[in-house]
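Student: Got a predicted model here, sequence first, then my questions.
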Amino acid sequence: MGKGTAVRDTPEIERVRKNQENISTTFHLCSSLPQVKYKEQVGQPTAVGVTPEMERVRRNQENISTASVQGLHTMKGRGCSAVDTLELRRVRESQSAVSMVACSMV
């Protein structure tokens with residue numbers, strides 16, 4: 001076997017070594033923090049009266065809901081026409097060409 005040569009630490013190896021040290025330090029810091037218990041900090045709920053802002057939001061939600069339901073009822077049963085664009089024509093022609101090739105191979 002040949003003789004081995006020692007390689008100096010390349011910038012990449014130095015970068016990896018520093019990252020490992022940072023990860024190790026962060027892990028040790030996080031593991032020493034006390035566990036936070038959120039459920040114990042929750043107090044009693046406070047009732048909030050109806051404010052003008054809440055009334056405005058409620059009316060807006062009702063209007064939006066009513067409009068969407070009416071829109072669905074008026075559109076029910078109506079057809080939807082697709083716009084004939086150049087892109088749709090190109091796709092239709094290419095699908096037709098593919099179908100013709102497939103049929104001629106059978």
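Tutor: Okay, I see it.
Student: What is the lengthiest helix in the chain packed up against?
Tutor: Assignment by DSSP state H gives helix 52-75 as the longest helix of the chain. Judged by 3 or more C-beta pairs under 8 Å, 6 or more residues apart in numbering; DSSP states H and E, helix 52-75 is in contact with no other helix or strand. For every residue, glycine as well, the C-beta is placed using N, CA and C.
Student: Just the pLDDT at residue 88, thanks.
Tutor: If you check residue 88, the pLDDT there is 84.
Student: I'd like the average pLDDT over the longest helix of the chain.
Tutor: So the average pLDDT for helix 52-75 ends up being 82.
Student: can you check stretch 17-34 too?
Tutor: 79.
Student: pull the CA atoms of it into CSV?
Tutor: Taking Å, rounded to 0.1, in the frame of the first residue of the first chain, the C-alpha atoms of stretch 17-34 are listed here in CSV:
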residue,chain,number,x,y,z
ARG,A,17,-17.2,21.5,12.1
LYS,A,18,-18.6,24.9,13.1
ASN,A,19,-22.1,23.9,12.1
GLN,A,20,-21.8,20.7,14.3
GLU,A,21,-20.6,22.8,17.2
ASN,A,22,-23.6,25.2,16.8
ILE,A,23,-26.1,22.4,16.6
SER,A,24,-24.6,20.8,19.7
THR,A,25,-24.6,24.0,21.6
THR,A,26,-28.2,24.7,20.6
PHE,A,27,-29.3,21.2,21.6
HIS,A,28,-27.8,21.5,25.0
LEU,A,29,-29.4,25.0,25.6
CYS,A,30,-32.8,23.7,24.5
SER,A,31,-32.6,20.6,26.7
SER,A,32,-31.9,22.7,29.8
LEU,A,33,-35.0,24.9,29.4
PRO,A,34,-37.9,24.2,31.6
